[in-house]
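Visitor: How does the following fold in three dimensions:
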Amino acid sequence: MKLTTPMQITAADSDARTISGRIVAFNEHANASTGKVVFARGSIQPQDVFLNLEHDNTRRIGKSIAMSVNDKEMTATFKIANTTAGTDALTEAMEGLRDGFSIELAVDNYEMQKDGTMKVINGQLTAVALVTEPAVRSARVQEVAASEDSETETVTETTNPNEGDKMDNTTEPVAPAVEPVAAPEVAPVQASRPAYYTAPRSPIVDKVSYLEHYLRASVLHDEDSRQYVKAADNTTSTAPGMIPTPQSTQVINALANADRGTIDGISRETLVAEGMTFELPRVTAVPTVLPIDENDPVTESSLSATFLSVSVQPFKGRAISTVELIDRSRPEYLTALLQNLEFAYAKETDEYALAAMQAAVTSVTAQAANSATGFLGYTSKAAANVYGASLGFARSLIVSPTQWGNIMGYNDNGAPLYNAAQPSNAAGNVRGDSLRGVVSPGLNLYVSRSFGNAGTTTADGDSSMVVVNPDSYTWYESPRFTLRSNINSDGTIDILYYGYGALAAKVPNGAQFNNLP
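Guide: You can find the predicted model right below:
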């Protein structure tokens, strides 16, 4: 897991081009990229890292030259590069425009506290960034004084003798004085002019002119034509190894995405922080009110409830990489890797939610829906059944991609039954990229690829549509975590992506599947 937590710069000395400050505060709550976080004492150890600008590892402006740690905090001093970006960073720190530190941490071990705060037990410092928004406002810049380099600046003394291999400029060693020796006289040499070469203008500009000069060269032995043909042959087809093949950073992926139509069509809540099961109270009997005449006894009644037990399901994905691939690849590799783990997580959780819904439902709406009339009949009956079972209105219709294609073609006396809502357009206009919309009789439509996968059933429309009261089913989900294990002995790196989810079927028949084509 990668955490970024901002801290404030406490000191800077630009004569030596250094910036110092607290980068970690132990046992104090802070805001990280994953939410609330607290670092246990001794959870991070000092090590040499680069100083980046705003967490962009392609914009390095310095690196650490000293770190110290005690029971309360970790402080660091960074040598700033003598570059335009480094000088700008010193100026921004002096003006208070960019005066915060933010660490980047690979978390190896942590604990989740009851209030949702992540307590880091052990982690590896990977980088520090100079940022504009610190989390701790109490620590301020104490000293910044930018020094300008002259045209011929010579450094004769360094504050730290160990800084020479980091970023400091030191003087060249001075050779001992040597008596001048007269050189023998030689004739003056005229400075040679540089040679410039220009390719002759070729008359070969198309296939016809190429054929003409090829015949002249091979039949008439025309030397000029032979040179023209030879030059024309030296193209990308005859010398492809000399032409580099650029690679775009755009990744083509037609195998996965983050769509979760089933989960989007029901209600959602945050999962509790502990336990692999949790319980929800569910009313089983309610008090009664009856017409009672004067002096007649009132019938006794009471409110009764049981607890619905909901199981928590872990979802995990593991990707194996190598140190060479991490070190030598572009940053887009890790971005694509984590993105595809996210896509796989979305697919699996959506299939799990749909299968759990189907397992909970005890009745279906038997209505053929392979036409506009049949579709209207099914949705109307299912909506009424959902209300009768849950005393709540059906507001969602979740369908398979095949049924989505069918519904886009349905109309009632020329009026489309499907009004697309994503992307937004005029009512009644249907587009092939409208995964969300409103269908008659007023249901919000969601398209899910999960039908027919991972325990769900579908066959020519069987259980390929479901009308849902979103309040009858709730998806509970935890934050998702990315963990990188230590480097293995064979040079591989395990990257684990995981989270927890649970589906609560609060009112099982608050959803009605279609079981006929």
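Visitor: State the mean pLDDT of stretch 314-333.
Guide: Mean pLDDT, stretch 314-333: 79.
Visitor: Can you give me the buried ones in that stretch?
Guide: Phe315, Gly317, Ala319, Ser321 (16 or more other Cβ atoms under 10 Å). From N, CA and C alone the C-beta is placed, and that goes for glycine too.
Visitor: got the contact list for that stretch?
Guide: 57-58, 249, 251, 334, 337, 341, 344-345, 348-349, 352, 487, 491-501 (Cβ atoms under 8 Å, 6 or more residues apart in numbering).
Visitor: taking the mean pLDDT, what do you get for stretch 48-60?
Guide: Mean predicted confidence for stretch 48-60 is 87.
Visitor: Distance-wise, check the residue nearest the centre of the chain relative to Ala346.
Guide: Residue closest to the average C-alpha location in the chain (Cα atoms, centre = their mean): Gln339, at 5.4 Å. Remark: distance between Gln339 and Ala346 (Cβ to Cβ, to the nearest Å) = 11 Å.
Visitor: Among the contacts of stretch 314-333, which lie within helices?
Guide: Per DSSP state H, helices hold the following members of the contacts of stretch 314-333: Leu334, Leu337, Leu341, Ala344, Tyr345, Glu348, Thr349, Tyr352.
Visitor: Could you turn the buried ones of those into a ChimeraX selection?
Guide: Remark: buried members of those, expressed as a ChimeraX selection using 16+ other Cβ under 10 Å:
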select :337,341,344,345,348,349,352
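Visitor: just the ones in helices among the contacts of stretch 314-333 now: which is nearest Gly35?
Guide: Using Cβ to Cβ, Tyr345 comes nearest to Gly35 of the ones in helices among the contacts of stretch 314-333, at 18.1 Å.
Visitor: got a list of what that closest one touches?
Guide: Phe315, Gly317, Arg480, Tyr497, Gly499.
Visitor: Let's see that with 10 Å instead.
Guide: By Cβ atoms under 10 Å, 6 or more residues apart in numbering, the contact set of Tyr345 is Ala256, Ala258, Arg260, Phe315, Lys316, Gly317, Arg480, Tyr497, Tyr498, Gly499, Gly501.
Visitor: Pro479 now?
Guide: Thr34, Gly35, Met112, Gly116, Met118, Thr270, Leu271, Ala273, Gly499, Tyr500.
Visitor: Secondary structure class of it, three-state.
Guide: Put simply, Pro479 is coil when judged by DSSP: H, G, I helix; E, B strand; the rest coil.
Visitor: how far away is it from Gly116?
Guide: Pro479 is 8 Å from Gly116, by Cβ to Cβ.
Visitor: Between those two, which contacts overlap?
Guide: With Cβ under 10 Å, 6+ apart as the test, Pro479 and Gly116 both reach Gly35, Thr270, Ala273.
Visitor: doesn't Thr126 make contact with Ile103?
Guide: Yes: Ile103 is within contact range of Thr126, at 8.4 Å (criterion: Cβ atoms under 10 Å).
Visitor: if you count what's nearby, which of these two comes out ahead?
Guide: Taking neighbours as other Cβ atoms under 10 Å, Ile103 and Thr126 compare with Ile103 leading, 25 against 16.
Visitor: circling back to that earlier point, give me the element the residue nearest to the centre of the chain is part of.
Guide: Secondary-structure assignment from DSSP states H and E places Gln339 in helix 331-360.
Visitor: Show me which residues of the next helix or strand after that helix are buried.
Guide: Later in the chain than helix 331-360, the nearest helix or strand by DSSP H and E is helix 372-390. Residues of helix 372-390 classed as buried by neighbour count (16+ other Cβ under 10 Å): 372, 374-376, 378-379, 381-383, 385-386, 389-390.
Visitor: can you redo the ones in helices among the contacts of stretch 314-333 as TSV with distance to Phe451?
Guide: Output for the ones in helices among the contacts of stretch 314-333, formatted as TSV (distance: Cβ to Cβ, whole Å):
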residue	distance to Phe451
Leu334	33
Leu337	28
Leu341	23
Ala344	18
Tyr345	19
Glu348	15
Thr349	15
Tyr352	13
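Visitor: Would you quantify the distance from the nearest residue to Asp71 once chain neighbours are set aside to Lys79?
Guide: Computed as Cβ to Cβ, 6 or more residues apart in numbering, the closest residue to Asp71 that is not its neighbour in sequence is Arg41, at 5.7 Å. According to Cβ to Cβ, Arg41 and Lys79 sit 28 Å apart.
Visitor: What of Asp264?
Guide: 50 Å.
Visitor: The residue nearest to the centre of the chain and Ala319, how far apart?
Guide: Gln339 is 11 Å from Ala319, by Cβ to Cβ.
Visitor: residue boundaries of the helices in the stretch 201-350 of the chain?
Guide: Listed in chain order, the helices of the stretch 201-350 of the chain (DSSP state H, counting those that start in this stretch) span 207-218, 223-233, 261-264, 323-328, 331-360.
Visitor: Quick check: Asn406 touching Val447?
Guide: No: counting by Cβ under 10 Å, Asn406 sits too far from Val447 to count as a contact (11.8 Å).
Visitor: Comparing these two, which residue is more hemmed in?
Guide: Val447 (23 against 19).
Visitor: Which pLDDT does the model give the more buried one?
Guide: At Val447, pLDDT is 88.
Visitor: Might you report the residue contacts of it?
Guide: Residues near Val447 by Cβ under 10 Å, 6+ apart: 259, 261-262, 264-265, 397-401, 403-405, 407, 434-437.
Visitor: Next: Tyr446.
Guide: If a contact means Cβ under 10 Å, 6+ apart, then Tyr446 has 259-266, 396-399, 404, 435-437, 466, 468 as its contacts.
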